[in-house]
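Asker: make a model of this:
(one chain, ligands or ions: 2)
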Amino acid sequence: MHIVTTIAGSDSGGGAGIQADLKTFQELKVFGTSVITALTAQNTLGVSDVLPIEVSFVEKQLKALIEDFSISAVKTGMLFSSEIIQSIAHILSEVNIPLIVDPVMIAKGGESLLQQEAIDAIRSYLLPLATIVTPNIPEAETLAGKKINSLADIKEAAHVLLQMGVQCVIIKGGHLADQYYAIDYVFFQDGRSFSMQSSRIATKNTHGTGCTFSAALTAFLGRGLPIEEAIEEAKKFIQLAITHDLSIGNGHGPTNHFAYQNYKDSCEVIIHET
Ligand SMILES: Nc1ncnc2c1ncn2[C@@H]1O[C@H](COP(=O)(O)OP(=O)(O)OP(=O)(O)O)[C@@H](O)[C@H]1O
Ligand SMILES: Cc1ncc(CO)c(N)n1
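Answerer: Ligands and ions are numbered 1, 2, ... in the order given. Below is the predicted model:
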């Protein structure tokens, strides 16, 4: 059994964060473990409060896992503070586990999930250790320090991030204005790059899409899939989860983590060299 770990915040509403990650892991038949960095009081309407966990306790959770399990992939989501980032980066730097960094910054409703001064800690401590980083467009703009208005801007931002030491950058296009397609852009250290295009689903139920995508990626990498295949399958997982979305709650509802198992042969993702 492959064991994977998520280091992230709890979403009481169950659609993002630790809860989305563990549901995704379960669906993809890997054994999910977790390190909780913060609690959020949250539902589909927004985040009403955040309670960060003490750094020493975050450390204890991660050390407890590393001490006992042979972990095949780790992902990070909401990390909240520079102190938490530095401490988990220090622990992860002493083990050799593929690391997927989802640089969560703000919730869909605009609430902050990462302190402003922690952005630098992601750049300096986490990206040099990371196998893959998965920013959405605003997160890529913040991390790279440049506005993104075109494909050329996406390429430039990805190269800035690659220079920080991460092996692969996936800039997710969920926030782009394209009416018909949801396109994600993938860049590797060795210069290879491609885009993944799927049809854009007209829905307000996109809570936790980024968490779910990076969790699926972690599960597939943890199962030993080659990196390109893991990336494509994760795109299929999120596409199906959005296509068969769940109308739960009164705001931005969650995606459907069950959909991949039922419909995986019916999902088309088109790959283009970029
Ligand atoms: N309406 C949509 N239809 C199809 N795919 C979508 C749609 N919105 C987002 N996606 C896909 O979902 C994945 C996550 O992208 P997105 O840009 O929404 O991440 P995010 O902003 O980090 O998500 P969140 O912060 O809500 O967890 C990407 O693969 C993106 O292409
Ligand atoms: C705990 C948590 N992590 C990540 C996100 C981003 O979707 C969220 N809304 N809540």
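
Asker: distance of residue 218 relative to ligand 1?
Answerer: 14 Å (Cβ to the nearest ligand atom, to the nearest Å). From N, CA and C alone the C-beta is placed, and that goes for glycine too.

Asker: surely that residue touches residue 100?
Answerer: Yes - between residue 218 and residue 100 there is a contact under Cβ atoms under 8 Å: 5.0 Å.

Asker: mind listing the shared neighbours of these two?
Answerer: 73-75 (Cβ atoms under 8 Å, 6 or more residues apart in numbering).

Asker: go through those and flag which are in strands.
Answerer: 73-75 (DSSP state E).

Asker: tell me where the stretch 51-200 of the chain has strands.
Answerer: 71-76, 99-101, 132-133, 168-171, 181-188, 193-199 (DSSP state E, counting those that start in this stretch).

Asker: which parts of the stretch 151-274 of the chain sit against ligand 1?
Answerer: 172-175, 182, 184, 198, 200-201, 206, 208-211, 213, 235, 238-239, 242 (Cβ under 6 Å from any ligand atom).

Asker: return the member of the shared contacts of residue 218 and residue 100 nearest to ligand 2.
Answerer: Compare each of the shared contacts of residue 218 and residue 100 with ligand 2 using Cβ to the nearest ligand atom and the shortest gap goes to residue 75, at 11.5 Å.

Asker: count of neighbours near the closest one?
Answerer: 29 (other Cβ atoms under 10 Å).

Asker: for residue 266, same thing?
Answerer: 10.

Asker: contacting residues for residue 255?
Answerer: Residues in contact with residue 255 (Cβ under 8 Å, 6+ apart) are 15, 20, 205-209, 212, 238, 241-242, 245-246.

Asker: please apply the same query to residue 97.
Answerer: Contacts of residue 97 by Cβ under 8 Å, 6+ apart are 71-74.

Asker: look up phi and psi at it.
Answerer: Dihedral pair for residue 97: phi -130, psi 130, per degrees, to the nearest 10.

Asker: for it, give its distance to residue 257.
Answerer: Counting by Cβ to Cβ, to the nearest Å, the separation of residue 97 from residue 257 is 24 Å.

Asker: now residue 80
Answerer: Residue 80 sits 24 Å away from residue 257, going by Cβ to Cβ.

Asker: more neighbours, these two?
Answerer: Shown here are residue 80 and residue 257; by other Cβ under 10 Å, residue 257 has more neighbours (29 against 24).

Asker: what's the nearest residue to that one if we skip its chain neighbours?
Answerer: The spatial neighbour of residue 257 that comes closest, neighbours along the chain excluded (Cβ to Cβ, 6 or more residues apart in numbering), is residue 23 at 4.3 Å.

Asker: now do the top helix by length along the chain and strand 181-188, the angle between them.
Answerer: Longest helix in the chain, counting residues (DSSP state H): helix 227-243. Relative orientation of helix 227-243 versus strand 181-188 (axes from the mean of the first three to the mean of the last three Cα atoms, to 10 degrees): 160 degrees.

Asker: re the thing from before, closest to residue 131 among the ones in strands among the shared contacts of residue 218 and residue 100?
Answerer: Closest approach to residue 131 among these (Cβ to Cβ): residue 73, at 8.2 Å.

Asker: so the closest one sits against residue 4, correct?
Answerer: Yes - in terms of Cβ under 8 Å, residue 73 counts as a neighbour of residue 4; the distance is 4.9 Å.

Asker: what about those two, which has more around it?
Answerer: Taking neighbours as other Cβ under 10 Å, residue 73 and residue 4 compare with residue 4 leading, 30 against 25.

Asker: where along the chain do the helices fall?
Answerer: Here the chain has its helices, by DSSP H, at 17-27, 55-68, 82-92, 118-121, 137-144, 151-163, 209-222, 227-243, 259-263.

Asker: hmm, back to that, in terms of neighbours, single out the busier of residue 218 and residue 100.
Answerer: More neighbours surround residue 218 than the other of residue 218 and residue 100, with 32 against 28 (other Cβ under 10 Å).

Asker: ok, how many other residues are close to residue 226?
Answerer: For residue 226, using other Cβ under 10 Å, the count is 10.

Asker: again with residue 262
Answerer: For residue 262, using other Cβ under 10 Å, the count is 11.

Asker: any idea how far it lies from ligand 2?
Answerer: With distances taken as Cβ to the nearest ligand atom, residue 262 is found 24 Å from ligand 2.

Asker: kind regards, and thank you for your time.
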